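**Q** coordinates only, sequence not included:
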């Protein structure tokens, strides 16, 4: 006799959402235990308060980090109940980490590549870092503003807006990751 999933019943939607919420709370505790044991990759799970589930976290970065610690099966269950309710937060956390890493790598490559400029212009590399930070900040501001507008411009309800905004943010961040990764590959090929 096979064990049936509680998500494959005719339970009312609100009961299924409560069940998923409880499962995410358990996953958060499991992720925190995994992190404290030194195994697995779970970043910033300590930002989640004891007994909370990922949906109840109001601070966006902490919410993303919480979902990053949730297993693939629970993310899939959550998405089956309500599209964009969990996966975009996890994806955004991963994409943002990758974007930060690539940004630092790109800056380091450019600093090495342009190091000789310091002889004639001592502030050149400092200005490069400042301008790169300003451009990155401006891009994030554009992304966040455009993604906040999108659900409303499409006529979505307020209830769905935050999840759709997060899906949009994850999409554009993943696009930015691809752009920067391609640029890094070009710079490395040019160096060879």
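**A** Right, received. Where do you want to start? Here the structure is a predicted model, which is why all the values come from computation and not from measurement. Numbers count the residues shown, from 1 in each chain.
**Q** helices and strands of this structure: which one bottoms out on pLDDT?
**A** helix 13-36 (a mean of 42; mean pLDDT, DSSP states H and E).
**Q** tell me the SS of the closest residue to residue 166 other than its chain neighbours?
**A** With CB to CB, 6 or more residues apart in numbering as the criterion, residue 166 has its nearest non-adjacent residue at 4.1 Å, and that residue is residue 88. Every C-beta, even on glycine, is put in place using the N, C-alpha and C of the backbone. Per DSSP: H, G, I helix; E, B strand; the rest coil, the local secondary structure of residue 88 is helix.
**Q** give me the neighbour count for residue 88.
**A** 24 (other CB atoms under 10 Å).
**Q** and the helix or strand residue 78 falls within, what other elements does it pack with?
**A** In this structure, residue 78 sits in helix 72-81 according to DSSP states H and E. Using 3 or more CB pairs under 8 Å, 6 or more residues apart in numbering; DSSP states H and E, the elements in contact with helix 72-81 are helix 13-36, helix 87-113.
**Q** got the buried residues for the longest helix belonging to the chain?
**A** What stands out as the longest helix in the chain, according to DSSP state H, is helix 158-191. When burial is assessed from 16 or more other CB atoms under 10 Å, helix 158-191 yields the following buried residues: 161-174, 176-177, 180, 184.
**Q** next: stretch 121-140.
**A** Applying 16+ other CB under 10 Å to stretch 121-140 flags 125, 132, 136, 140 as buried.
**Q** nearest to residue 119, of the residues you listed?
**A** The shortest approach to residue 119 among the buried residues of stretch 121-140 belongs to residue 125, at 11.3 Å (CB to CB).
**Q** contacting residues for the closest one?
**A** When contacts are counted by CB atoms under 8 Å, 6 or more residues apart in numbering, residue 125 is found next to 111, 114, 115, 117, 118.
**Q** out of these, which are buried?
**A** Burial by neighbour count, 16+ other CB under 10 Å: within these this picks out residue 111.
**Q** with distance to residue 82 as new columns, can the contacts of residue 125 be given to me in a markdown table?
**A** Listed next are these as a markdown table, based on distance: CB to CB, whole Å:
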| residue | distance to residue 82 |
| --- | --- |
| 111 | 45 |
| 114 | 48 |
| 115 | 51 |
| 117 | 52 |
| 118 | 54 |
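**Q** tabulate the buried residues of stretch 121-140 in JSON lines, adding columns for pLDDT, distance to residue 149 and secondary structure.
**A** Supplementary listing: these in JSON lines, determined by pLDDT from 0 to 100; distance: CB to CB, whole Å; DSSP: H, G, I helix; E, B strand; the rest coil:
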{"residue": "125", "pLDDT": "93", "distance to residue 149": "37", "secondary structure": "helix"}
{"residue": "132", "pLDDT": "94", "distance to residue 149": "26", "secondary structure": "helix"}
{"residue": "136", "pLDDT": "95", "distance to residue 149": "21", "secondary structure": "helix"}
{"residue": "140", "pLDDT": "97", "distance to residue 149": "15", "secondary structure": "helix"}
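**Q** cool, thanks, talk later.
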